[in-house]
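J.: turn this into a model:
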Amino acid sequence: MLSLFPKTATLDAACWIDLREPSADEVARVSARLGMALPTRESLAEIEASSRLRADAAGLTMSAPLIGRLGEAVVLVPAGFVLREDVLVTIRFAEIRAFDSVHEALERDHLSGPQEVMIRLLEEIVDRAADRLERVAETLAEASGEIFSEPARGHRLGHETRRLRRLMVKIGRSNEELVRVRHSFLAIARMASFLLDRCEPRLAAGLRDRLKTVAHDVSSLDEFESSLVGRTSMLLDAAVGFISIEQNDVVKLLTVVSTAGVPPVLIAGIYGMNFKVMPELNWTMGYPFALALMVASTVLPVLWFKWRDWL
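T.: Residues are numbered from 1 along each chain as shown. Got it, this is the predicted structure:
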């Protein structure tokens with residue numbers, strides 16, 4: 001799909017040409033307008049800095065992985081930017097909300113040229129990435145509160161393990177979101193620096209300041225994202241640790257039960273042997289004595305475990 005801004009402009013007079021999942025015919029028309037071949041999806045996906053940031057006599061060609069949607073899935077998708085004196089061309093292969101927001105804003109605001117559109121796009125991308133970081137921070141804060149809360153009295157191990165597992169899944173998804181934001185930030189930071197370097201003589205003072213603000217915002221948000229990554233790792237370790245503690249408590253309880261249950265079984269086995277000469281068989285108090293001995297042999301190990309603070 002090909003979108004032109006201003007909307008009333010022709011292809012030759014447009015300030016911004018936005019290509020979203022373009023057809024071969026649309027690519028051919030825009031390529032003829034620029035007098036150069038547009039970058040393909042494969043070339044936009046390359047990770048080398050020399051492939052993502054190029055300058056020639058005609059203008060600047062840049063690419064970055066941005067957070068977009070393919071159906072219901074949120075993924076990183078390659079996006080391309082071709083910036084020239086008279087036009088900005090963007091190429092994307094998925095729905096990217098930042099682009100759509102700028103479309104709506106440009107219908108109301110006055111444009112000074114393709115450079116301002118480019119900076120407006122970068123500002124919107126950074127703003128939306130910051131919103132994602134805020135949502136991730138809220139999710140992690142909620143997960144942290146649940147993980148470190150006191151379990152309900154009489155809670156079952158299976159229920160507690162399932163609860164912690166759900167939290168681990170939530171934290172893992174948050175970590176994936178952080179990875180996407182970080183990849184996007186790295187590319188945006190390089191693009192901002194590249195634009196400042198290559199367009200410095202031609203950038204108006206206001207646009208130059210806005211571009212520096214974008215670079216500064218990316219730097220500060222990157223530090224915030226790094227702190228969230230550390231918190232994510234800590235919460236995952238904590239959830240695994242609590243699951244291990246719960247399971248260890250069960251194993252400890254089973255150990256105590258088995259240890260306390262061995263002496264009575266031994267006593268019952270001794271008195272269950274069929275020997276003719278066994279003094280307690282003819283003793284009136286023999287049966288109560290055996291029962292008392294079994295009870296004592298069960299209680300004493302339990303008391304010893306408590307004394308050692310193992311229970």
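J.: which helix of this structure spans the most residues?
T.: Criterion DSSP state H: the longest helix present in the chain is helix 205-271.
J.: what's in contact with whatever helix or strand comes next after that one?
T.: As assigned by DSSP states H and E, the chain's next helix or strand after helix 205-271 is helix 286-307. Under the criterion CB atoms under 8 Å, 6 or more residues apart in numbering, residues 256, 259-261, 263-264, 266-268, 271, 280, 283, 311 lie in contact with helix 286-307. Any C-beta I mention is one placed from the backbone N, CA and C, and that applies to glycine too.
J.: again, only using 7 Å
T.: Outside of helix 286-307, the residues within contact range by CB atoms under 7 Å, 6 or more residues apart in numbering are Val256, Thr259, Ala260, Pro263, Pro264, Ile267, Ala268, Tyr271, Glu280, Leu311.
J.: now do the helix or strand that contains Ser174 and helix 205-271, the angle between them.
T.: Secondary structure assigned from DSSP H and E places Ser174 in helix 157-199. Relative orientation of helix 157-199 and helix 205-271, computed by axes from the mean of the first three to the mean of the last three CA atoms, to 10 degrees: 160 degrees.
J.: returning to that earlier point: most widely separated two among the contacts of helix 286-307?
T.: Using CB to CB, the two most remote members of those are Glu280 and Leu311, lying 32.8 Å apart.
J.: what kind of secondary structure is the nearest residue to Ile91 once chain neighbours are set aside in?
T.: Excluding the flanking residues, the one nearest Ile91 by CB to CB, 6 or more residues apart in numbering is Gly80, at 3.9 Å. Following DSSP: H, G, I helix; E, B strand; the rest coil, we place Gly80 in the strand state.
J.: what's the host helix or strand of Met62 packed up against?
T.: Here Met62 sits within strand 60-70, counting by DSSP H and E. Using 3 or more CB pairs under 7 Å, 6 or more residues apart in numbering; DSSP states H and E as the contact criterion, the elements in contact with strand 60-70 are helix 49-52, strand 73-83, helix 157-199.
J.: repeat the analysis, applying 6 Å as the threshold.
T.: For strand 60-70, the elements it packs on are strand 73-83, helix 157-199, judged by 3 or more CB pairs under 6 Å, 6 or more residues apart in numbering; DSSP states H and E.
J.: least reliable of those going by mean pLDDT?
T.: Ranked by mean pLDDT, those bottom out at helix 157-199, which scores a mean of 80.
J.: okay, now the unreliable bits of the stretch 101-250 of the chain?
T.: Along the stretch 101-250 of the chain, the parts satisfying pLDDT under 70 run over 110-112, 150-158, 200-205.
J.: quick check, central residue of this structure?
T.: Central residue of the chain (CA atoms, centre = their mean): Asn175, 2.3 Å from the mean position.
J.: chain neighbours aside, what residue packs nearest to that one?
T.: Leaving aside its sequence neighbours, Asn175 sits nearest to Thr232 (CB to CB, 6+ apart; 4.7 Å).
J.: distance of the one you found from Arg97?
T.: Distance, Thr232 to Arg97, by CB to CB, to the nearest Å: 24 Å.
J.: and if you look at Glu72?
T.: For Glu72, the distance to Arg97 equals 14 Å [CB to CB].
J.: the more surrounded of those two?
T.: For Glu72 versus Arg97, the count of surrounding residues by other CB atoms under 10 Å is larger for Arg97: 14 against 5.
J.: please tell me I have it right and Leu44 contacts Pro78.
T.: Yes. The criterion here is CB atoms under 6 Å, and Leu44 meets it with Pro78 at 3.7 Å.
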